[in-house]
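# this one's structure only:
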C-alpha cells in the first residue's frame, strides 16, 4: 500500500455543457416560443438531470499494491489499484508513467475497468484496475506516481487520485556461466572441492597403517590380511573455496538498453559477478563481495548457500557508479584469507582497479581480472574524442600487459568458460612456490 | 510551431489507440451528420459552416475538454433555428440525436487518455444509455409536434409555471452538481 493524494468529485466540462444546453434550451424554448429548441435541448436536459441524480456523494477508498517487490531482470510485476465504495462509478482509469526501465502492458500504460456490483448492498461495489510492469534493468526503481481517475455516469463527475507508487528492486539476471577447469586449492572445512589435506571425503588418497582415531569402516581388509597389519583407506577432505569478488563500479561506459538490448560496462560487470557468484555458491563454496566506487552498501561477507546468493544480488542491484569515490577505495586485507580466490571484474578504464588487483596479488592471494569493457563502447563522431579514446585504450593495453607480467591474469568476459584459462593456470601454479610480501 | 510541440503531437498521434481513433471518427461523423440533417431539410449546404464545424469537431476530438464541443453544438442548433425553425419534420429529432451522440462521444473520449481502451462493459452501458435518451428525445419531438398542431393560444400562467419548474430544476441540478465543500 502506498500514500495517495485524492481530490473530491468534480464536475467535468461535459456535465457543464449538458447543464448549460439543457437549461438554456428549455428556458429559451419557453420564453421565445420555439418548440424546436425544446427538442434540441431535451437530450441535454435528460443527461444533466440523470448525471446530477447519480452523482457519487462519498469519496472512494483506494488501496494500491504491487504483486512482487523483488524481480529478476525481464520479469514482470503487477500494480493494482483497488477501489471501494464504487457504487455510482461508471469506470476507472489508471495511467502509469513511461519509465525508462519498465515496459507496461497495456503498452501505453493506460488501463481501465468497470465496477462489479456489490452483492452486499450499497457501498459494497468494488473495482480494481491493474497495470503489468516488466523490469528490463537491474537496480532499485520507482514505479509511479500513478494517476488514477474514477468517472461517474455520463462522464459527468471525476474523482482524481495520485498514487505515489512503490519501489521495486530488480535483481541482476546473472549471465550464463560455467567453468570446466579444476577448482582452486581449498583449505576450508566443508564443500565439494578436494582439499590438499587428508580427511573425511570421497576422493581416494592412499592406504596407510591404522592410527588411533581412524573409523572402523575405513579399514581396508584385503591389504590388512595380506600384510598382517591393520591398514585403512585414507581420503582427501571435501572442502570449499572462498571466492572473493571485487566489482569496479567507478564508471559505467557504453549504452545500457536493458536486458533485451546492449549492455554497458557496469551491466556486464554486475551480471558477470552475479553469474560467478551463482556458479560457486551452487557448488557449495563461500563467496564474498566487495564493491568499490559505489554509493551505499558495498561489502557482503563470505558465506554459502542460495540465500547468500540473494544477498549478493541485492547488493549488486543497489550499485550506483561514483567516480568521486576512487580515492576511498581500500581493500580490507584481513577480510580475505590467504587461500581465497580473488576475482576482480572491471572495465579497466580507471587504473584504480588494476592497482587494487596488484595490491591483492602482492599479499599472496590468487587474483584474476575479468575485463568487462564492451566492444562498442565508443560511439562519438568527434575526432578529438576519438583520438583521446584511442590513446586511453593504448594506455589500458599497456597497463594490462604490466599487470599480466607480475602474475595477474586478465581475461575478457565471454560468458561460459571465461574463467577456465586462468582457473587451470591457478591450479597449475598452486603447486609451485610463491614469493609473498608480508 | 516549435519542434518540441510538433514532436509532442507526433507522439500523441502514434500513441492513440485504434479505439480512440474510432471514437474520434464517430464524433466527427455525428457533428457533420447533424449539419447534413439541416442541409437535408433545407435542400442546400452551408459551406462556411461545414468548414467551421469540421475544424471545431476535429479540435474537440483531440481536446475533448475544451470549449470546441460546446461551440459545435451551439452553431448547429443555431443554424437549425435560423434556417428551418419547424418541428413537423423528422430531420429535427435526427439533428437533436446527432448532437446528443456527439456530446456523449466527446464526454466518453474526455475520460480516457489517448492510449486508453474503453472496456467493453462500459461501451455497452453507454450505448444502452444513448439509445434510451435518444428514444426519449424522439418521444419529446412527438409530443411537441402534437402540441404544435393544436395551435392553442399562449397561456401566461402555464408559461410562468413551466419557467418556475425549470428554475427549480436548475437549482436542484446546481445543488447536486457542485461540491458542497466549495
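Thanks, I have it. Values in this document were obtained by computation on a predicted structure and should not be read as measured data. Numbers count the residues shown, from 1 in each chain, chains lettered A, B, ... in the order given.
# tally of neighbours for residue 61?
Defaulting to chain A. Close neighbours of residue A:61, defined as other CB atoms under 10 Å in any protein chain shown, add up to 13. Heads up, the C-betas are built off the backbone N, CA and C, glycines and all.
# please go with chain B instead
23.
# quick one: it is in a helix?
Yes: under DSSP: H, G, I helix; E, B strand; the rest coil, residue B:61 falls within a helix.
# thought it was touching residue B:24?
Yes: counting by CB atoms under 8 Å, residue B:61 touches residue B:24, with 3.9 Å between them.
# between the two, what contacts are shared?
Common neighbours of residue B:61 and residue B:24 (criterion: CB atoms under 8 Å, 6 or more residues apart in numbering or on different chains): residue B:109.
# my guess is residue A:70 meets residue A:171, correct?
Yes: between residue A:70 and residue A:171 there is a contact at 6.6 Å, judged by CB under 8 Å.
# Do the helix ranked longest in chain B and chain A come into contact?
Criterion DSSP state H: the longest helix present in chain B is helix B:120-149. Yes: counting by CB under 8 Å from any CB of the partner chain, chain A has neighbours in helix B:120-149: B:121-122, B:125, B:129, B:133-134, B:136-137, B:140-141, B:144, B:147-148.
# Return the list of helices and strands in contact with that helix.
For helix B:120-149, the packing partners by 3 or more CB pairs under 8 Å, 6 or more residues apart in numbering or on different chains; DSSP states H and E come out as helix A:35-53, strand A:89-95, helix B:91-110.
# switch to 6 Å and redo it
Applying 3 or more CB pairs under 6 Å, 6 or more residues apart in numbering or on different chains; DSSP states H and E, we find helix B:120-149 packed against helix A:35-53, helix B:91-110.
# Now do the shortest one against helix B:91-110, angle only.
Right, the one you point to is helix A:35-53. 30 degrees (axes from the mean of the first three to the mean of the last three CA atoms, to 10 degrees).
# packing partners for helix A:35-53?
helix A:13-32, helix B:91-110, helix B:120-149, helix B:156-177.
# mind putting the ones you listed in CSV, distance to residue B:53 and mean pLDDT included?
Converted to CSV, the helices and strands packed on helix A:35-53 look like this (distance: least, CB to CB, whole Å; pLDDT from 0 to 100):
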stretch, distance to residue B:53, mean pLDDT
helix A:13-32, 16, 90
helix B:91-110, 10, 95
helix B:120-149, 20, 90
helix B:156-177, 28, 73
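# how many other residues sit next to the closest residue to chain B within the stretch 151-300 of chain A?
Residue nearest to chain B within the stretch 151-300 of chain A: residue A:155 (4.0 Å; CB to the nearest CB). Residue A:155 is flanked by 27 other residues according to other CB under 10 Å.
# And for residue A:211?
Residue A:211: 9 surrounding residues under other CB under 10 Å.
# tell me the pLDDT at it?
On the pLDDT scale, residue A:211 is placed at 86.
# Let me see the backbone angles for it.
Per-residue torsions, residue A:211: phi -120, psi 160 (degrees, to the nearest 10).
# Nearest spatial neighbour of it, chain-adjacent residues omitted?
residue A:232 (7.7 Å; CB to CB, 6 or more residues apart in numbering or on different chains).
# Would you mind giving the secondary structure of that neighbour?
For residue A:232, the assignment made with three-state DSSP gives strand.
# okay but it is in contact with residue A:219, surely?
Yes: Residue A:232 lies in contact with residue A:219 (CB atoms under 6 Å); the separation is 5.4 Å.
# give the contact list for residue 70.
Just going to use chain A. Neighbouring residues of residue A:70 by CB atoms under 6 Å, 6 or more residues apart in numbering or on different chains: residue A:169.
# actually chain B
By CB under 6 Å, 6+ apart, residue B:70 lies in contact with residue A:17.
# Quick check: closest non-adjacent residue to the residue of the stretch 151-300 of chain A closest to chain B.
Closest to residue A:155 by CB to CB, 6+ apart is residue B:107, at 4.0 Å.
# what about the residue in chain A positioned nearest to chain B, neighbour count?
When scored by CB to the nearest CB, chain A has residue A:108 as its residue closest to chain B, at 2.6 Å. The criterion is other CB under 10 Å. On that basis, residue A:108 has 20 neighbouring residues.
# Going by residue numbers, what spans are helices in the stretch 251-400 of chain A?
For the stretch 251-400 of chain A, the helices defined by DSSP state H, counting those that start in this stretch occupy A:265-282, A:306-317, A:351-362, A:383-405.
# Format those as CSV; extra columns: mean pLDDT and distance to chain B.
Below are the helices of the stretch 251-400 of chain A laid out as CSV (pLDDT from 0 to 100; distance: least, CB to the nearest CB, whole Å):
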stretch, mean pLDDT, distance to chain B
helix A:265-282, 89, 28
helix A:306-317, 90, 30
helix A:351-362, 83, 41
helix A:383-405, 87, 26
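# So for residue A:341, which of those sits nearest?
helix A:265-282 (8.6 Å; CB to CB).
# Can you spell out which helices and strands pack onto that closest one?
Packed next to helix A:265-282, using 3+ CB pairs under 6 Å, 6+ apart, are strand A:242-248, strand A:286-292, helix A:306-317, strand A:341-346.
# Name the strands paired with the second one and say parallel or antiparallel.
Each strand that strand A:286-292 pairs with, and the sense of that pairing, follows from DSSP bridges: strand A:242-248 (parallel), strand A:299-303 (antiparallel).
# any low-confidence regions in the stretch 151-300 of chain A?
Within the stretch 151-300 of chain A, the ranges that satisfy pLDDT under 70 run A:177-199, A:201-203, A:237-240, A:297.
# Residue numbers of it in contact with chain B?
Proximity of the stretch 151-300 of chain A to chain B (CB under 6 Å from any CB of the partner chain) is limited to residues A:151, A:155.
# show me where the stretch 151-300 of chain A has strands.
A:157-163, A:166-171, A:193-209, A:231-239, A:242-248, A:286-292, A:299-303 (DSSP state E, counting those that start in this stretch).
# Tell me the neighbouring strands of the second one, and mark each as parallel or antiparallel.
What that stands for is strand A:166-171. Counting by DSSP bridges, the strands paired with strand A:166-171 are strand A:70-72 (parallel), strand A:139-143 (antiparallel).
# now swap in the first one and tell me
Sheet neighbours of strand A:157-163, with direction, are listed as strand A:4-6 (antiparallel), strand A:10-11 (antiparallel), strand A:146-152 (antiparallel) (DSSP bridges).
# hey, which of the ones you listed is tucked in deepest?
Most buried of the strands paired with strand A:157-163 by mean neighbour count (mean count of other CB atoms under 10 Å in any protein chain shown) is strand A:146-152; its value is a mean of 23.
# Okay, angle between that strand and strand A:89-95 too, please.
160 degrees.
# Residue A:60 versus the closest residue to residue A:54 other than its chain neighbours, what's the distance?
Excluding the flanking residues, the one nearest residue A:54 by CB to CB, 6+ apart is residue A:153, at 4.4 Å. According to CB to CB, to the nearest Å, residue A:153 and residue A:60 sit 15 Å apart.
# returning to what we had before: now tabulate the helices and strands packed on helix A:35-53 in CSV and tack on distance to residue A:421 and mean neighbour count.
Output for the helices and strands packed on helix A:35-53, formatted as CSV (distance: least, CB to CB, whole Å; neighbours: other CB atoms under 10 Å in any protein chain shown):
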stretch, distance to residue A:421, mean neighbour count
helix A:13-32, 70, 20
helix B:91-110, 64, 25
helix B:120-149, 61, 16
helix B:156-177, 78, 13
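# mind putting those helices in a markdown table, distance to residue A:316 included?
Converted to a markdown table, these look like this (distance: least, CB to CB, whole Å):
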| stretch | distance to residue A:316 |
| --- | --- |
| helix A:13-32 | 50 |
| helix B:91-110 | 46 |
| helix B:120-149 | 44 |
| helix B:156-177 | 56 |
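# for these, which one sits closest to residue A:420?
Closest to residue A:420 of the helices and strands packed on helix A:35-53 is helix B:120-149 (CB to CB; 57.4 Å).
# any idea of the angle the closest one forms with strand A:146-152?
Counting by the same axes, to 10 degrees, helix B:120-149 lies at 30 degrees to strand A:146-152.
# No further questions, thank you.
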